[in-house]
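Asker: Just to be clear, the model below is a prediction. Sequence and coordinates:
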Amino acid sequence: DTGVSQNPRHKITKRGQNVTFRCDPISEHNRLYWYRQTLGQGPEFLTYFQNEAQLEKSRLLSDRFSAERPKGSFSTLEIQRTEQGDSAMYLCASSMTGIYHEQYFGPGTRLTVT
Amino acid sequence: AQSVSQHNHHVILSEAASLELGCNYSYGGTVNLFWYVQYPGQHLQLLLKYFSGDPLVKGIKGFEAEFIKSKFSFNLRKPSVQWSDTAEYFCAVPPRTGNTPLVFGKGTRLSVIA
């Protein structure tokens, strides 16, 4: 098992463009989380899935953001009409179900909106 | 809503010095508490966690943390730091009992100098 992987690792885009990130969790993990981290801040929760069901979305997740996990395996996070304020590191994590299981984080996708 | 405060933004220590990083969360009830670490160029990884039982929790690499319910605190300690402990440290707690997405503090950057 190689851990949580995220692609791409870096993305530079122009304001107004759409971007999509992918996260591949640890294979036996049925929970998958998306967080966003900006400079000088800790990760902020965006949304999470149990299998293919999206269980919770943060108020940070504006209408321009959408996440899917169609077959309960990998997940995608799409940002439409990107804005400069979307520039951040987008982190994915996965875990087993239940509060006693730690979340394993991926390396993140760094988004720069110019 | 639950919030996490890490009072030290940047700590600089000499090798062999003792370390204590503060973490306070905003409300009680049954809490699960975590410390994550991010070494330079690496992704977030779990350092230690508290769910119940002995309030003194031991983690990897000689780190420990003490849960003090009356003070809403979960401070991280290490008796003697090494240069390899240079990293960013994040305290985290679920937003509500039984919920699994995490609320992170802003992090404390630790620099250990020879």
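Answerer: Okay, I see it.
Asker: in chain A, what residue is nearest chain B?
Answerer: Residue nearest to chain B within chain A (C-beta to the nearest C-beta): residue A:42, separated by 3.1 Å. C-beta: built from backbone N, CA, C; applies to glycine.
Asker: Contacts only, for that residue.
Answerer: Residues in contact with residue A:42 (C-beta atoms under 8 Å, 6 or more residues apart in numbering or on different chains) are B:4, B:90, B:92, B:104-107.
Asker: At the contact with chain B, which residues of chain A appear?
Answerer: Neighbours of chain B within chain A, by C-beta under 8 Å from any C-beta of the partner chain: A:4, A:31, A:33, A:35, A:40-45, A:48, A:56, A:58, A:91, A:93, A:95, A:98-100, A:102-108.
Asker: mind listing the strands for chain A?
Answerer: Per DSSP state E, chain A carries strands over the ranges A:5-7, A:10-13, A:19-24, A:31-37, A:44-50, A:53-57, A:65-68, A:75-79, A:88-95, A:104-105, A:109-113.
Asker: possible to save those as JSON lines with distance to residue B:113, mean neighbour count and mean pLDDT?
Answerer: Output for the strands of chain A, formatted as JSON lines (distance: least, C-beta to C-beta, whole Å; neighbours: other C-beta atoms under 10 Å in any protein chain shown; pLDDT from 0 to 100):
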{"stretch": "strand A:5-7", "distance to residue B:113": "32", "mean neighbour count": "17", "mean pLDDT": "97"}
{"stretch": "strand A:10-13", "distance to residue B:113": "30", "mean neighbour count": "14", "mean pLDDT": "98"}
{"stretch": "strand A:19-24", "distance to residue B:113": "36", "mean neighbour count": "19", "mean pLDDT": "98"}
{"stretch": "strand A:31-37", "distance to residue B:113": "26", "mean neighbour count": "24", "mean pLDDT": "96"}
{"stretch": "strand A:44-50", "distance to residue B:113": "31", "mean neighbour count": "21", "mean pLDDT": "95"}
{"stretch": "strand A:53-57", "distance to residue B:113": "42", "mean neighbour count": "14", "mean pLDDT": "92"}
{"stretch": "strand A:65-68", "distance to residue B:113": "41", "mean neighbour count": "17", "mean pLDDT": "96"}
{"stretch": "strand A:75-79", "distance to residue B:113": "38", "mean neighbour count": "20", "mean pLDDT": "98"}
{"stretch": "strand A:88-95", "distance to residue B:113": "27", "mean neighbour count": "24", "mean pLDDT": "97"}
{"stretch": "strand A:104-105", "distance to residue B:113": "27", "mean neighbour count": "22", "mean pLDDT": "95"}
{"stretch": "strand A:109-113", "distance to residue B:113": "28", "mean neighbour count": "18", "mean pLDDT": "98"}
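Asker: No more questions from me, cheers.
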